[in-house]
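Asks: Pasting the sequence and the predicted coordinates here, then a few questions.
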Amino acid sequence: MTAAIRNFWQTWPNGLAVDGQNRLSLELWPAWSAHWLSFLYTQNAQSGFSSSGIYWLDDMQHYLKETQFWFHGPGAANATLLGLARTWQFPPVTVVPTDWYRQTHATADLGGVIPPAVAIPPADDRRLPFYNTPGYDPEDWYDPQSAYYGAGWINFWDPEPGYRSVACTAGGWPYAATHLIATGNPADFFEAAEHGQSELNLRPEWLTGYTHDADWPQLQLSENPYCGGRWRIYEGSVSPLAAPPLPDTVGDYPVYRARDDQHGWTYHVADAYWLTGNPWIRDWYRFVAEFRRVRLAEWTPFPDNNSRAAIRSTKWCRLPASPAMSPSSTACAPTC
């Protein structure tokens, strides 16, 4: 049997172990390591491992690690098995020509408009992703003591590691993940896929299986996740279910605050979904739709019919009736 963990070194620590009885274990958060506290997380103190000796997920955080097992006979050649592992890590990528997008307008941005071919510069042939924070020395990405360290499960594929590793970060431009449409490069596919998944992995903004009707009365999720510090905050009150300040953190802002949604910069997540069909991204959007029901329910009465039509056009059709809203504002067409 052969076993592998996707992004093995990129999302360290991971481990493969065999005991004295020939039992194989895949260690996704191994007991021989601990939570990594990055440079900015410790308020510019020395990076290092948590003295707690444990790992933790922030309140409402999910993390995806993928494993693979191949069962085979004793005659399987090492070269064949290595080839399978490498293919699983970076599978073949099939793309359609840019002109197909130009004709169909099937993109996530700008109404599907693609510039003329003459306006798109030729792209280098890139098969594998390049790990780096744009605009910084590539060596920073690999340096654990750098403010822009990008490796480890705590940072991997964050679009801007370091810069977005703390809450309340502002400025810059939203991210896009549609380079593949213009280049056809497999590297751009892998980067889009991982940037989308990393947004779900690294930020505490997801509850699988959550429904407003069943879970809102008890959980009461935040109405203001940006710079709020914790998601279990509603209208200025802290839920008894809210996670306490994070272990090994000291001082005030920004250390104790969990990573937030950074102005809702999730365009790259949508791009990744349209390119990959990642089912975890789809589940995340289902959660967002349920969560947004309370955000909309707290609005004041709509001032005019145009506002009501705009809300209906976004298909928030399961919005519950609220005394603060006129009955017509919650009406939906059957097709919704």
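Replies: Great, that's in hand. Worth saying up front: this structure is predicted, and the values here are computed from it rather than measured. Residues are numbered from 1 along each chain as shown.
Asks: can you give me the strands in this protein?
Replies: In the chain, strands defined by DSSP state E lie at 2-5, 15-18, 24-27, 36-37, 48-49, 67-70, 233-234, 237-238, listed in chain order.
Asks: Which among those is found nearest to W56?
Replies: Ranking the strands of the chain by their distance to W56 (criterion: CB to CB) puts strand 36-37 first, at 11.3 Å. C-beta: built from backbone N, CA, C; applies to glycine.
Asks: List of residues touching the closest one?
Replies: In this structure, residues lying in contact with strand 36-37 by CB atoms under 8 Å, 6 or more residues apart in numbering are S47, G48, F49, S50, P144, G152, I154, D248.
Asks: If any of these are buried, put those into a ChimeraX selection.
Replies: Selecting in ChimeraX just the buried members of these, where the criterion is 16 or more other CB atoms under 10 Å, is done with this command:
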select :47,50,152,154,248
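Asks: ranking the strands of the chain by burial, who's on top?
Replies: strand 36-37 (a mean of 21; mean count of other CB atoms under 10 Å).
Asks: Now do it, average pLDDT.
Replies: The average pLDDT within strand 36-37 is 83.
Asks: Then stretch 64-76?
Replies: Mean pLDDT, stretch 64-76: 94.
Asks: returning to that earlier point: present the contacts of strand 36-37 as JSON lines; the columns should include pLDDT and distance to I120.
Replies: JSON lines is the format used below for the contacts of strand 36-37 (pLDDT from 0 to 100; distance: CB to CB, whole Å):
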{"residue": "S47", "pLDDT": "75", "distance to I120": "41"}
{"residue": "G48", "pLDDT": "82", "distance to I120": "45"}
{"residue": "F49", "pLDDT": "87", "distance to I120": "46"}
{"residue": "S50", "pLDDT": "83", "distance to I120": "47"}
{"residue": "P144", "pLDDT": "86", "distance to I120": "38"}
{"residue": "G152", "pLDDT": "92", "distance to I120": "35"}
{"residue": "I154", "pLDDT": "87", "distance to I120": "36"}
{"residue": "D248", "pLDDT": "44", "distance to I120": "48"}
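Asks: coming back round to it: Throw the strands of the chain into a markdown table and include distance to A187, thanks.
Replies: Formatted as a markdown table, the entries for the strands of the chain read as follows, by distance: least, CB to CB, whole Å:
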| stretch | distance to A187 |
| --- | --- |
| strand 2-5 | 21 |
| strand 15-18 | 27 |
| strand 24-27 | 27 |
| strand 36-37 | 27 |
| strand 48-49 | 32 |
| strand 67-70 | 22 |
| strand 233-234 | 40 |
| strand 237-238 | 44 |
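Asks: out of the ones you listed, nearest to P279?
Replies: Nearest to P279, of all the strands of the chain, is strand 67-70, at 16.9 Å by CB to CB.
Asks: got the contact list for that closest one?
Replies: Taking contacts as CB under 8 Å, 6+ apart, the residues outside strand 67-70 that touch it are M1, T2, A3, A4, I5, R6, L26, L28, L81, L84, A85, W88.
Asks: nearest to D283, of those residues?
Replies: Taking CB to CB as the measure, R6 is the one of the contacts of strand 67-70 closest to D283, at 18.8 Å.
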